[in-house]
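Visitor: my questions concern the predicted model and sequence given below.
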Amino acid sequence: MLIEDVYIYRNFQLMICFPNAKINIGLNITGRRRDGFHNIETVLFPIELCDVLEFVEKDNKDKDSCKLNCSGLELKDTADNNLCIRAYKLLKKDYDLPGIIIHLHKIIPIGSGLGGGSSNGAYMLKSLNNEFHLNISNKKLQEYAEQLGSDCPFFISNKPAFSYETGNKFREVDFALEGNYLVIVYPNIQISTRQAYSKAFIKQPEASLENLIQLPVNEWKNSIRNDFESTIFPKYPDLKNIKKELYEMGAIYASLSGSGSSLYGIFSSLPEIPKKFKNYFIRQYKI
């Protein structure tokens, strides 16, 4: 079951939503740009692993500021660098927003390749738009989200998409995964996306992921790859071993997500999790 773009709970002045994670199905690094970034192509797929984001309007004594409180996993960035705060400030420039107090409960592992920070920023934009009746179109919200980061616009529509250029351009894609099971494995290793790109090999793929994603899932193993694996696996052999273990558990397809360090496996039936994974962050979902 895919994430629906709905706000689950609202009570008085309190707004609560559940920013979800994503996985990358394949990732090709296709070129280096003059601006220092890289061109890529990947397929982004929303998953049910979620943080919890809520905010409440401040009283009139402190109506022009934004405060962030956090729980769950520890955030290492300063509050000013947090994408929820930055999302608020972006809209505040153009709209008469009141001051708010944000509470973010982090569940999605940080530095895992699952897009948790990007999702937080995008959901903050959507929540502010919804709560304060700003009537901003999805296209405009995506333009705001792009200022926060390449993955952020994806979470505005939050539907499976082929992503290209720096990862900031999207076309929705439809492919069959329903009825399968997804296992996420995060081995408590944080990988810097910037560092991962600095070691990346660049080459043009023989076929576009936009076409390959339409193949049956049992053909993905020999057709769809994540280019980061060739540089990250030698440095972190445990990640390569986890991918191998996912296949030994019966995965139809297994891969690194983004630049890692989370890996995932797609299974036709719910697998048994091996004891060797007991110290890892594990989540299982029916798609």
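Guide: Right, received. Where do you want to start?
Visitor: and Gly167, helix, strand or coil?
Guide: Taking DSSP: H, G, I helix; E, B strand; the rest coil as the rule, one finds Gly167 in the coil state.
Visitor: cool, and Arg283?
Guide: Under three-state DSSP, the three-state class of Arg283 is strand.
Visitor: what does Ser71 give?
Guide: Ser71 ends up strand, using three-state DSSP.
Visitor: surely it meets Ile102?
Guide: No: counting by Cβ atoms under 8 Å, Ser71 stays clear of Ile102, with 11.7 Å between them. (Glycine included, C-beta is placed from N, CA and C.)
Visitor: who's more crowded, those two?
Guide: Set Ser71 next to Ile102 and count neighbours by other Cβ atoms under 10 Å: Ile102 wins out with 23 against 12.
Visitor: could you name the helices and strands sitting against whichever strand or helix holds that one?
Guide: For Ile102, the enclosing helix or strand under DSSP states H and E is strand 100-106. Using 3 or more Cβ pairs under 8 Å, 6 or more residues apart in numbering; DSSP states H and E, the elements in contact with strand 100-106 are strand 52-57, strand 66-72, helix 83-94, helix 116-131.
Visitor: so what strands line up beside the second one?
Guide: The reference is to strand 66-72. As defined by DSSP bridges, the strand partners of strand 66-72 come to strand 100-106 (parallel).
Visitor: report the buried residues of the partner strand.
Guide: 100-104, 106 (16 or more other Cβ atoms under 10 Å).
Visitor: now the two most distant members of those residues.
Guide: The span of these, defined through Cβ to Cβ, is set by Ile100 and Lys106 at 18.4 Å.
Visitor: now stretch 187-202: mean pLDDT?
Guide: Stretch 187-202 carries an average pLDDT of 80.
Visitor: in it, what counts as buried?
Guide: Residues of stretch 187-202 classed as buried: 187, 189, 191, 193, 196-197, 200 (neighbour count, 16+ other Cβ under 10 Å).
Visitor: from the residues you listed, which land in strands?
Guide: Using DSSP state E to define strands, no part of the buried residues of stretch 187-202 is located there.
Visitor: quick one: mean pLDDT over stretch 230-245.
Guide: Averaged over stretch 230-245, pLDDT sits at 95.
Visitor: and it, what's buried?
Guide: With burial defined by 16+ other Cβ under 10 Å, the residues of stretch 230-245 counted as buried are 231-233, 236, 239-240, 242-243, 245.
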